[in-house]
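*Asks:* everything below, folded, please.
(2 chains)
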Amino acid sequence: MTGLRAWLVQRVSAVCMLLITLFVLVHFLVDPPRSYLAWHDWMMSPGISVLTLVFFAALFSHMWVGVRDVVMDYIHPTAYRVLVLAVLGISLVAMAGWVLRIVLIGRG
Amino acid sequence: MPVGALTSIAHRVTGICLALSIPAVVYFLDLSLQSPQGYAQVVGWFDHLVVRIGLILLIWALAHHLLAGIRHLLMDIDAGSQLRVARRSALLVNIGGIVVALLAAGVIL
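*Replies:* Numbering: from 1, shown residues only, chains lettered A, B, ... in the order given. So this is what the prediction gives:
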């Protein structure tokens, strides 16, 4: 993912995360979950489950573009670049699987 | 260093710091949802001063990164890209991040 597409992904994912973060912040200020049960039920309700997945999809895309930009600017030898980007890519896919597992197991 | 350069480099540094914090964030999320014991464990972690200070630093990183990002978006649509305005908005971002962190510190500490 390069050029215009990366630029667009970075901005769309940023706005996505901003809106979800504001929503969660307001929810926590107005009606914070005060027990495990309240927290679990809220997180696993259909709407919030979907929102969680959307948030992390946006986050991991955003991290890919952002960290890649920094890597390309400061790491020049091709071998190191490939190594760092591979570690980054694998970590992001692994964490995406982890988040999916949290939501799926939580919802039983 | 010009104020805009400081905003820009901090945008990068905070981005990398936030990225490095994500495994811990997902771990805490996982643990807090696994069982009442896990939830209590996560809540217990925030009794430690070190964890609270780490949280405040992360809130600063997020606030700076977010404000600098909004500044970027505004410049994309050509708002405030004249040098004078850009300098003022850069300063505003740098101060804004610190103000949010201080407010968070007031609540958390």
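*Asks:* CA atoms for contacts and neighbours, from now on please.
*Replies:* Noted.
*Asks:* how about the helices in chain A?
*Replies:* Here chain A has its helices, by DSSP state H, at A:3-30, A:36-44, A:46-74, A:78-106.
*Asks:* which one of these lies nearest to residue B:10?
*Replies:* Closest to residue B:10 of these, according to C-alpha to C-alpha: helix A:46-74, at 12.3 Å.
*Asks:* center of chain B, which residue is that?
*Replies:* Nearest to the geometric centre of chain B sits residue B:62, at 1.6 Å (C-alpha atoms, centre = their mean).
*Asks:* what about residue 50, how many residues close to it?
*Replies:* Using chain A here. Residue A:50 has 13 neighbours, counted by other C-alpha atoms under 10 Å in any protein chain shown.
*Asks:* try again with chain B
*Replies:* Neighbourhood size, residue B:50 [other C-alpha under 10 Å]: 11.
*Asks:* element containing it, please.
*Replies:* Using DSSP states H and E, residue B:50 sits within helix B:49-76.
*Asks:* buried residues in that helix?
*Replies:* The neighbour-count check on helix B:49-76 (16 or more other C-alpha atoms under 10 Å in any protein chain shown) flags B:52, B:55-72 as buried.
*Asks:* one more: stretch A:72-83?
*Replies:* residue A:81.
*Asks:* who are the contact partners of the closest residue to residue B:28 other than its chain neighbours?
*Replies:* The spatial neighbour of residue B:28 that comes closest, neighbours along the chain excluded (C-alpha to C-alpha, 6 or more residues apart in numbering or on different chains), is residue B:42 at 6.5 Å. Under the criterion of C-alpha atoms under 8 Å, 6 or more residues apart in numbering or on different chains, the contact list for residue B:42 reads B:28, B:31, B:32.
*Asks:* now do residue B:64
*Replies:* Counting by C-alpha under 8 Å, 6+ apart, residue B:64 touches B:10, B:11, B:14, B:93, B:94, B:96, B:97, B:98.
*Asks:* next step: those residues restricted to helices.
*Replies:* When DSSP H defines the helices, the subset of these inside them is B:10, B:11, B:14, B:93, B:94, B:96, B:97, B:98.
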